[in-house]
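> Okay, here's the prediction I keep looking at, along with the sequence it came from:
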Amino acid sequence: MHRKTIKTTVEIPSDELDTLMKNTNAKTKKQAIVIAIAEYNRRRRLSKLAEKLGTFSQIMSVDELKKQRRAK
């Protein structure tokens, strides 16, 4: 599937872009920015999902889970 792309010109602080390239192991500036945008969007989707799910008060501890698995 081919994604629609756009060309744009933006001013990005060079130190932030350098750090981004190191953190993403990107070979190009474009690749680093695309990775950062995708990661941001992924985190936003997860955050929205977590909001919909709410919190759980009855979550098993690791020890309880291990005990339950051994019992099977």
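That came through, no problem. Residues are numbered from 1 along each chain as shown.

> Residues touching the helix or strand containing residue 37, excluding its own?
Secondary structure assignment for residue 37, by DSSP states H and E: helix 29-53. The contact list for helix 29-53, computed with CB atoms under 8 Å, 6 or more residues apart in numbering, reads 12, 17, 20-21, 24, 26. (Each C-beta comes from the backbone N, C-alpha and C, glycine too.)

> Go through those residues and flag which are in helices.
Using DSSP state H, the members of those that fall in helices are 17, 20-21, 24.

> List buried residues within those.
Neighbour counting over the ones in helices among the contacts of helix 29-53 (16 or more other CB atoms under 10 Å) leaves 20-21 as the buried ones.

> Make CSV out of the ones in helices among the contacts of helix 29-53 and add pLDDT.
As requested, the ones in helices among the contacts of helix 29-53 are exported to CSV (pLDDT from 0 to 100):
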residue, pLDDT
17, 97
20, 97
21, 97
24, 96
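
> Closest one of the contacts of helix 29-53 to residue 66?
When the contacts of helix 29-53 are compared for distance to residue 66 (CB to CB), residue 24 wins out at 36.0 Å.
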